[in-house]
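Undergrad: build me a structure from this.
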Amino acid sequence: QLQASGGGLVQAGGSLRLSCAVSGITFDDYAMSWIRQAPGKEREVVSCTSKSDGTAYYAESVRGRFTMSSDSSSENAVFLQMNSLKPEDTAAYYCGAHDLKNGNLYWGQGTQLTVSS
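TA: Predicted coordinates:
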């Protein structure tokens, strides 16, 4: 299960940290990601990390502003630190788990971020 939380209303330039409670997933077998979707727009993977090979990906739109991390000791949480927020960051944010064996993507309930100008 994947349950995102921590969203809210923030002014442009502000910061917020999203959390995702993870259960039933072993980080060695999955790449974890944060995905967002704004009304009328396509789903966007904003960040993705893989414990198995140590890689990290950030969409160009958030690179340098967002940082993804995880509780690797307990493997029960991932986080997204978002700084210098912009109105275009407004979206529903979801955490996802990509099965490294078959490529399936699993995601759970999201959390809404609204950035006011």
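
Undergrad: rest of the way, CA atoms for contacts and neighbours
TA: Will do.

Undergrad: shouldn't Glu88 be within a helix?
TA: Yes: per DSSP: H, G, I helix; E, B strand; the rest coil, Glu88 lies within a helix segment.

Undergrad: so what pLDDT did it get?
TA: At Glu88, the pLDDT value in this model is 96.

Undergrad: please enumerate the strands of this protein.
TA: Assigned by DSSP state E, the strands in the chain fall at 2-5, 8-11, 16-22, 30-37, 44-50, 55-58, 66-70, 77-82, 91-99, 105-107, 111-116.

Undergrad: mind listing the strands the last one pairs with, and their directions?
TA: Same thing as strand 111-116. As defined by DSSP bridges, the strand partners of strand 111-116 come to strand 8-11 (parallel), strand 91-99 (antiparallel).

Undergrad: same check, this time on the fourth one
TA: Strands flanking strand 30-37 in the sheet, each with its direction: strand 44-50 (antiparallel), strand 91-99 (antiparallel) (DSSP bridges).

Undergrad: what's in contact with it?
TA: 43-51, 78, 80, 91-100 (Cα atoms under 8 Å, 6 or more residues apart in numbering).

Undergrad: buried among those? Make that a ChimeraX selection.
TA: The ChimeraX selection below is limited to those of the contacts of strand 30-37 classed as buried (16 or more other Cα atoms under 10 Å):
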select :45,46,47,48,49,50,51,78,80,91,92,93,94,95,96,97,98,99
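
Undergrad: just the pLDDT for the residue lying closest to Asp99 once chain neighbours are set aside.
TA: Take Asp99 and drop its neighbours on the chain: the residue closest to it by Cα to Cα, 6 or more residues apart in numbering is Tyr30, 4.7 Å away. Looking at Tyr30, its pLDDT reads 91.
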